[in-house]
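# here is my input; please provide its structure:
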Amino acid sequence: MIKKIVQIGDPVLENITSEITDVNDPTVKNLIKDLIDTCLSKEDITAGLSAPQIGVAQSVIVCRRMDLEDDEKKFISKENLWEVMINPKIIKASSKESSYWEGCLSVGVGPDGLYSPVNRPDTIDITYLSAKGEAKALKCKGFFAHIVQHEIDHLYGIVFLRYVEDPSSIWKSKDLDKYFDQYGEYPIV
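Numbering: from 1, shown residues only. Next up, the predicted model:
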């Protein structure tokens, strides 16, 4: 079911989530379905979603496999586009950082959504459980690493704006789109 996105200021976005203890619990299966349905309904503007963003304080995220989509040699089916990560943990992060534009469905709506460049480790290693309860490990790089870190942050009550050092670098979606339309690229980060 498509869920309403919780907006910044709601306490569920400010607290640490509870870990999932039974991946086969029907409420967990429904939560996963709700996260994916909600992402699919906003597929053109989202790269990931966390359970707190739909009002559930549990440790589940879904991330769009941009790393696979960007690899033209690989075909990724629509059902494999969204990686479900239960109880994800970052076990290693590179000292090398990269900067990408980030936005968040929980930080403004439509043309008033907020975006800013964010510096994060460029490469991370994570562990998590799949939707079937399988233990998984994944190395994430570049933009995909930013997506995963952004969503994991939500599980700890952190919104990307916390990393913005210069408030003048925050753009509204409508202004960023206008810039892109004019110059064919986003402002350099």
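# buried stuff in the biggest helix by length in the chain?
In the chain, assigned by DSSP state H, the helix with the most residues is helix 26-41. Judged by neighbour count (16 or more other Cβ atoms under 10 Å), helix 26-41 contains these buried residues: Val28, Leu31, Ile32, Asp34, Leu35, Ile36, Thr38, Cys39. Placement of C-beta: from N, CA and C, glycine included.
# need the helices for the protein, in chain order.
Going by DSSP H, the chain shows helices at 26-41, 66-69, 142-154, 173-183.
# now the longest one: average pLDDT?
By that I understand helix 26-41. For helix 26-41, mean pLDDT rounds to 96.
# alpha carbons of it, as PDB, please.
Provided in PDB are the C-alpha atoms of helix 26-41 (Å, rounded to 0.1, in the frame of the first residue of the first chain):
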ATOM      1  CA  PRO A  26       3.400 -10.600   8.600                       C
ATOM      2  CA  THR A  27       3.700  -7.000   9.800                       C
ATOM      3  CA  VAL A  28       7.400  -6.900   8.500                       C
ATOM      4  CA  LYS A  29       6.300  -8.400   5.200                       C
ATOM      5  CA  ASN A  30       3.600  -5.700   4.900                       C
ATOM      6  CA  LEU A  31       6.100  -3.000   5.900                       C
ATOM      7  CA  ILE A  32       8.400  -4.100   3.100                       C
ATOM      8  CA  LYS A  33       5.600  -4.100   0.600                       C
ATOM      9  CA  ASP A  34       4.500  -0.700   1.700                       C
ATOM     10  CA  LEU A  35       8.000   0.700   1.400                       C
ATOM     11  CA  ILE A  36       8.400  -0.700  -2.100                       C
ATOM     12  CA  ASP A  37       4.900   0.400  -3.200                       C
ATOM     13  CA  THR A  38       5.600   3.900  -1.900                       C
ATOM     14  CA  CYS A  39       8.900   4.100  -3.800                       C
ATOM     15  CA  LEU A  40       7.300   2.900  -7.000                       C
ATOM     16  CA  SER A  41       4.700   5.600  -6.700                       C
END
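# need the residues that contact that helix.
The contact list for helix 26-41 (Cβ atoms under 8 Å, 6 or more residues apart in numbering) reads 1-3, 5, 20, 22, 46, 48-51, 54, 56, 58, 60-62, 64, 82, 84, 86, 131.
# just the buried members of those?
Buried, going by 16+ other Cβ under 10 Å: 3, 5, 20, 46, 48-51, 54, 56, 58, 60-62, 64, 82, 84, 86, 131, out of the contacts of helix 26-41.
# tell me which of these fall in strands.
Under the assignment DSSP state E, these contribute Gly48, Leu49, Ser50, Val60, Ile61, Val62, Arg64, Trp82, Val84, Ile86 to strands.
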